[in-house]
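Q: coords please:
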Amino acid sequence: MRRRDLLKRISALALTVVMTLSMSGFVLPEVMAAPEDSVRTEDIRDQNNGQNDDAAQDGDNVEGHDGSGAAEEGITVNGSEGGTDGTSGDEGTAGGESGTTDENGEPGAENGEASADGTAEPEIQNITVSILENKDDTMKISWAPVEGAVTYTVTKEVQSAYNEAQTFSEGDALIETADTEYTYRNLFPGRRYSFSVTATDAEGRVTGTTERPVSEQPVITALTGHGRSGRSVGASRMKFANGSTDLRTYSGEAYSGYAVVQGGCTDGTYAYYLMVSTYNQRGRIVKVRMSDRAIVKKSAVLDVWHGNGMTYDSRRHQLVISSRDDPDYGVYRRQQLTCVDANSLTIIRGRQRNVSYSYFASDKSRDNGIASVAYSRKYDVYLADQRKSHNLMVIDPETFEVMGFVNTVIISKYPGVYQGMDGDDQYAYLLLSSDGNTQRSNLILAMDWNSSQLTDSSGHRKQYVSGTWNCANNKQPVAVYKLNTSYEAENLYHTTDSAGRTHFYLSEYYANPKYTTQTVKEAYKVKWKKVKKKVKVAYKVKKRVKWKKYTTKSGKTKWKYRTAKVTKYKWKKKKVWTYKTKYRTVTKKVHIYDRVDYVYDLGVI
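A: Numbers count the residues shown, from 1 in each chain. Model (predicted):
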């Protein structure tokens, strides 16, 4: 045997003898006597491991030697006595294949094998997670129980449903529970939630984990009112500064005047409402300070023709209003946008004109016109709801050129009356009023309009797209909100609070039919005097007239005649009564529509 190998063998045997003596109760001189179960062997093991490391560097396996030297001397190697037949000392290990020890100096266990005391380490097993419920901004998850587990830790991760790189921080990101289910509430549309579960036993050891997270988007079908507080929308009807909840009466309009709220929007400080007359379809804008809900200004009559939609252009500080056709009046203005200065509330010269379809000349849907309009500040574009198809149109705010179309598929599933709309840099919020038949509730459809299609590779907005693309989520809404309000929904707008939450407001119109008692002047005619006038006088004369047909024997058809009196007229001077008009005051019961305009605070959606 080479000298080098012999020295290594002697060194290993010496360390093994020290370990054997220590484990059998022998106390080294520098260690004070202690009970057998508290003898310190860590330093010895560390030294042994260090020697093993050195040996490994030289290419020899100390723990794997054949134990022949130990057999000759009759000493213990790695916890087993060497035999005179030269068998390996590793065969006598009780704690696993490698003969390693645990933290108490006892032989350890690996891969779930029995330890020295006969107990088994728990096996890590996969946990199956299931979605039990997914509705109304709530997800309930459950998972398979793990034997021996006393605590389950659930991790929630949130990312954009349409941009995986975008993540969000929400509450309940990490929860611990002894149950095998948990309910998450107040989830948001347009986000994907991933859930992972880890099980631990009473000693804090992991006994089970999910093989992969379970991911799903929330299905949000109902808005119960005032954000997520659970209060009814009806309870959040706004009161104005004078205590009234009716915008019409507060603005001083009679029910026969500019009494129907149509478009509505906000700049964050003031809310703007377009009040329209049902008689001439023109309107007035009422400017209300949002902090105290007081009217600060009211415009003159504006020629906007119904004004179904209105939005606030924050870059130009102007209001943008859409119009409509009215064939009964010979008016065709469905392609028109009108810009109104937000300070003076007057129409800006040169900013009332039709949109242009230069890049979509062959698109037949261009004739549908505009139903309502919203604004995106990030991309500096107007987003319009196209009549009939209810696809979205992207419009340049300077030239009024249509830049692109965004396709939707919503008409058959959501057949309500499409009224106003609101929007931001990612979503378009379409407001549908109940049609009283197939759709009995007012709805908000949140559409992700894939605004990233407007940017080039450098992140700048394209001048013109001259093409079409689809809304995300297969052209369907990413969320649908059911509004518990009773009347005709007219407009929708929102503000963003300091926490970045979107706060919505809704306006509704109610034509309340009722009878009222009115005192009016009634005209009537009375005889005044007789005068000679040339009048047409009727008289009768006899005349032979055709009576009926008959057929002769030869087959000819002939008329039979008879004598009859016929009326003729002649002019003759005659004294007749003339009448004059008089008036009297009478009290009448009159059927009217008491027009009411409500504004609702919908809270955070």
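
Q: and stretch 241-261, how far from the chain's centre?
A: Centre-to-centre, stretch 241-261 and its host chain are 32 Å apart (CA atoms, centre = their mean, to the nearest Å).

Q: report the contact partners of the closest residue in space to Lys525 that isn't next to it in sequence.
A: Distances taken as CB to CB, 6 or more residues apart in numbering place Tyr579 nearest to Lys525, at 4.2 Å, with adjacent residues excluded. Yep, even glycine has a C-beta here, placed from its N, CA and C like the rest. By CB atoms under 8 Å, 6 or more residues apart in numbering, Tyr579 lies in contact with Lys525, Val526, Lys527, Trp528.

Q: now the second one: how far from Val520?
A: So that's Val526. Plainly put, Val526 is 19 Å away from Val520 if you go by CB to CB, to the nearest Å.

Q: and the third one, by the same measure?
A: Computed with CB to CB, the distance linking Lys527 and Val520 is 24 Å.

Q: same question for Val154.
A: Counting by CB to CB, the gap from Val154 to Val520 is 72 Å.

Q: who has more neighbours, those two?
A: Val154 (21 against 11; other CB atoms under 10 Å).

Q: in which helix or strand would I find that one?
A: strand 151-160 (DSSP states H and E).

Q: and Asp597, by the same measure?
A: Element membership of Asp597, judged by DSSP H and E, is strand 557-604.

Q: just list whatever residues bridge to Tyr515.
A: Beta-bridge pairing for Tyr515 (DSSP bridges): His591.

Q: do the same with the one 5 residues further on
A: Applying DSSP bridges to Val520 gives these bridge partners: Val586.

Q: surely it meets Lys589?
A: No - counting by CB atoms under 8 Å, Val520 stays clear of Lys589, with 11.1 Å between them.

Q: which residues sit in contact with Lys572?
A: Lys572 is in contact with Lys534, Val535, Val537, counting by CB under 8 Å, 6+ apart.

Q: at which residues are the helices of the stretch 101-250 of the chain located?
A: Ranges of helices in the stretch 101-250 of the chain, per DSSP state H, counting those that start in this stretch, are 247-250.

Q: show me where it has strands.
A: Using DSSP state E, counting those that start in this stretch, the strands found in the stretch 101-250 of the chain span residues 125-127, 129-135, 138-143, 151-160, 167-168, 174-177, 181-184, 191-200, 206-210, 214-216.

Q: tell me the spacing between Leu483 and Ser507.
A: Distance, Leu483 to Ser507, by CB to CB: 12 Å.

Q: mutual contacts of these two, please.
A: Residues within reach of Leu483 and of Ser507 at once, by CB under 8 Å, 6+ apart, are Ala489.

Q: could you list the domains of the protein?
A: Split into domains by automatic domain parsing, the chain comes to 3-92, 125-216, 257-512.

Q: out of those domains, deepest packed?
A: domain 257-512 (a mean of 19; mean count of other CB atoms under 10 Å).

Q: so where is the chain shaky, pLDDT-wise?
A: Residues of the chain that meet the criterion pLDDT under 70 lie in 1-123, 135-136, 160-166, 189-190, 218-235, 466, 499-500, 605.

Q: export the domains of the chain to CSV and tack on distance to Ser251?
A: CSV is the format used below for the domains of the chain (distance: least, CB to CB, whole Å):
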stretch, distance to Ser251
domain 3-92, 86
domain 125-216, 35
domain 257-512, 5
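
Q: Lys239 is nearest to which of these?
A: domain 257-512 (6.9 Å; CB to CB).

Q: how about Ala271, what does it touch?
A: Taking CB under 8 Å, 6+ apart as the criterion, Ala271 is in contact with Gly264, Cys265, Lys287, Val288, Met290, Tyr493, Tyr505, Val599.

Q: which one of those residues is nearest to Val478?
A: Set against Val478, the nearest of these by CB to CB is Tyr493 (19.5 Å).

Q: ok, that closest one touching Asp267?
A: No - using CB under 8 Å, Tyr493 is not in contact with Asp267, being 9.9 Å away.

Q: hey, C-alpha coordinates of whichever strand or helix holds Leu383 in CSV?
A: In this assignment (DSSP H and E), Leu383 forms part of strand 381-386. The C-alpha trace of strand 381-386 is given here as CSV (Å, rounded to 0.1, in the frame of the first residue of the first chain):
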residue,chain,number,x,y,z
VAL,A,381,-58.0,60.4,-28.9
TYR,A,382,-61.8,60.4,-28.8
LEU,A,383,-63.4,57.0,-28.5
ALA,A,384,-66.9,56.9,-29.9
ASP,A,385,-69.7,54.3,-29.8
GLN,A,386,-70.9,53.7,-33.4
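
Q: that strand packs against which elements?
A: Counting contacts by 3 or more CB pairs under 8 Å, 6 or more residues apart in numbering; DSSP states H and E, strand 381-386 is packed against strand 309-313, strand 370-376, strand 392-395, strand 417-423, strand 427-433.

Q: please convert those to a markdown table, extending it with distance to Lys239.
A: Shown next, in a markdown table, are those (distance: least, CB to CB, whole Å):
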| stretch | distance to Lys239 |
| --- | --- |
| strand 309-313 | 23 |
| strand 370-376 | 27 |
| strand 392-395 | 35 |
| strand 417-423 | 22 |
| strand 427-433 | 22 |
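
Q: can you tell me which of those strands is nearest to Ile321?
A: Among the helices and strands packed on strand 381-386, if distance is taken as CB to CB, the winner is strand 309-313, at 4.8 Å.

Q: give me the next element, helix or strand, following that closest one.
A: From strand 309-313 onward toward the C-terminus, using DSSP H and E, the following helix or strand is strand 318-322.

Q: distance from the chain centre to that following strand, please.
A: Using CA atoms, centre = their mean, the offset of strand 318-322 from its chain centre is 25 Å.

Q: tell me which stretches of the stretch 351-500 of the chain form strands.
A: Using DSSP E, counting those that start in this stretch, the strands of the stretch 351-500 of the chain run over residues 370-376, 381-386, 392-395, 402-407, 417-423, 427-433, 442-448, 467-470, 479-483, 488-496.
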